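# sequence and predicted structure, then a few things I'm wondering about:
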Amino acid sequence: MKDTRTINTLNNLIETCKDGEYGFKASADHAVDPQIKSLFMSRAEDCRRAAAELQTIVMQQGGKPEDSGTATGAAHRGWVAVKGTLAGYTDLAMLEETERGEDAALARYRSALKDDLPADIRSVVEAQMQGVQRNHDQIRALRDQHKAAAH
């Protein structure tokens, strides 16, 4: 028997991961600092792996896994491009925007964990959320360093 509620929750998280992958790739394309560019590419790969892990679980649950991001994510990616153009694609602007994206991802993971997920799936979601939190904290720390250096 398919657990459509769990599948829907996981598909929402797959969209979140895809949004992160696209957002980090777009930000990496515009980053100047090689360390930040490398960080963004690494985070994009983390998001890709997380999505693949969730897609496998959705298939195991008998569902059809999501394979793209959300409309909000597309707008977010578009916003990265617009903001980048206006701000001259500064690394600080990219760090601020990716932090915002990670804020949204954390909120979606927290929401998913409010659902009644099977224990084995819950542990995967919790582990992924810890990764999102680490990404967020690392990006915020870099953003703060760039802000301090700019003053």
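Looks like it arrived, so ask away. Everything quoted here is computed from the prediction, not taken from an experiment.
# next helix or strand past the helix or strand of the chain with the lowest mean pLDDT?
Sorting the helices and strands of the chain by mean pLDDT, DSSP states H and E puts helix 71-87 at the bottom, at a mean of 56. Sequence order places helix 91-113 as the next helix or strand after helix 71-87, per DSSP states H and E.
# quick one: that following helix to chain centroid distance?
7 Å (C-alpha atoms, centre = their mean, to the nearest Å).
# strands of the protein, residue ranges please.
In the chain, no strands are found when defined by DSSP state E.
# show me where it has its helices.
Applying DSSP state H to the chain gives helices spanning 4-30, 34-60, 71-87, 91-113, 119-150.
# least confident of those helices, on average?
Lowest mean pLDDT within those: helix 71-87, a mean of 56.
# middle-most residue in the protein, spatially?
In the chain, the residue lying closest to the centroid (C-alpha atoms, centre = their mean) is Gly20, at 3.0 Å.
# for Ala50, see how far away that residue is.
Gly20 sits 8 Å away from Ala50, going by C-beta to C-beta, to the nearest Å. C-beta: built from backbone N, CA, C; applies to glycine.
# noted, bye for now.
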